[in-house]
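In: Give me the fold of what follows.
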Amino acid sequence: DYETSRHSEFISNLRSPMDGVILTLAREKGQPMANGQLVKRGQMIAQIASLKSLVVDVDIVGKNITQVRPDLPAKASYHAWDGREFDGHVIRLSPTINEKTRALRAEVEISNDEGLLRPGMFVEVALIVEKREQVVTIPRYSLTQRGGRRVAFVVNGERVEQRNLELGLDDGKFVEVRKGLKAGEKVVVLGLETLSDQMPVRITAR
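Out: Predicted coordinates:
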C-alpha cells in the first residue's frame with residue numbers, strides 16, 4: 001500500500017514543459033481546486049510563461065509605417081522607473097492595416113531579465129530608425145518658439161543671443177542641431193518664456 005501510494009503521488013505530479021512563473025491558477029478563474037481532486041483531459045490547471053522577454057504590441061500610423069521593419073532596434077520605458085530603458089527589437093509586422101484605426105500593428109520583443117516589466121503593463125516604445133554619432137545636441141527643454149521657429153538662447157557674455165536652429169534627429173530627450181549652434185556653447189534652460197534677443201542675464205549655476 002505504501003509503494004502504491006508513492007506511485008500514485010508520483011504520477012499525480014504536474015510538471016511544466018518550460019521554465020517560467022505561474023501567471024494564473026485555475027482557482028483564480030472560479031474553478032475550485034483542491035488536493036486530490038480529479039481533473040479532465042485538457043483542463044486548465046495553471047498558465048505558465050517565461051518573463052525574461054516580453055512582446056509589446058505597438059500601433060504605427062502615418063508616414064512612420066514606411067520606416068519600420070523587422071529587427072529594427074527599440075527602447076521601452078515605463079513611468080514607474082523614470083529614466084530606465086529596456087532594449088528590444090521589432091520581431092514581426094502585421095500583414096494588414098487595422099480597418100478602424102488605420103494603424104499597422106508591430107510586435108516588439110523587449111528584454112526583461114530583471115523581471116521589472118509585467119504582462120498587461122502599458123509601456124512607451126521608441127523605435128530607432130536612424131542613429132548619428134559625434135553631432136551637436138541640445139536638451140529638448142532648452143528649445144522654445146519665436147515667430148513660428150524653433151530657437152535657443154545662447155549665453156554671450158552677460159547677454160543672451162537668440163539663435164534660429166535647424167534641427168535633426170530627436171530621441172525625446174536630446175535634439176540634434178544641424179545649424180545654428182556650435183559644440184561647447186552654453187544655452188539657457190530656464191525662464192525661456194520671458195527671454196528676448198540681447199536681454200541681459202546673470203549666470204547662477206555652471
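In: Please count neighbours and contacts with C-alpha atoms only from this point.
Out: Will do.
In: In terms of helices and strands, where is the most centrally placed residue in the chain?
Out: For the chain, the residue nearest the mean C-alpha position is A76 (1.7 Å; Cα atoms, centre = their mean). Element membership of A76 [criterion: DSSP states H and E] is strand 73-77.
In: Report the buried residues of the helix or strand following that strand.
Out: Elements were assigned by DSSP H and E; along the chain past strand 73-77, the next helix or strand is strand 86-97. Judged by neighbour count (16 or more other Cα atoms under 10 Å), strand 86-97 contains these buried residues: F86, D87, G88, H89, V90, I91, L93.
In: after strand 86-97, next one along is what?
Out: Taking DSSP H and E, what comes next after strand 86-97 is strand 104-111.
In: Walk me through which strands that next one pairs with, and which way each runs.
Out: Partners of strand 104-111 in the sheet, by DSSP bridges, are strand 53-60 (antiparallel), strand 86-97 (antiparallel).
In: how about JSON lines for the ones you listed, with mean pLDDT and distance to L25 added?
Out: Shown next, in JSON lines, are the strands paired with strand 104-111 (pLDDT from 0 to 100; distance: least, Cα to Cα, whole Å):
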{"stretch": "strand 53-60", "mean pLDDT": "94", "distance to L25": "20"}
{"stretch": "strand 86-97", "mean pLDDT": "95", "distance to L25": "29"}
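In: Now those strands in TSV, please, with extra columns for distance to S5.
Out: Listed next are those as TSV, based on distance: least, Cα to Cα, whole Å:
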stretch	distance to S5
strand 53-60	40
strand 86-97	49
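In: with the buried residues of strand 86-97 in mind, which one is nearest to I65?
Out: I65 has its nearest neighbour among the buried residues of strand 86-97 in L93, at 10.0 Å by Cα to Cα.
In: now that closest one: how far from R27?
Out: For L93, the distance to R27 equals 36 Å [Cα to Cα, to the nearest Å].
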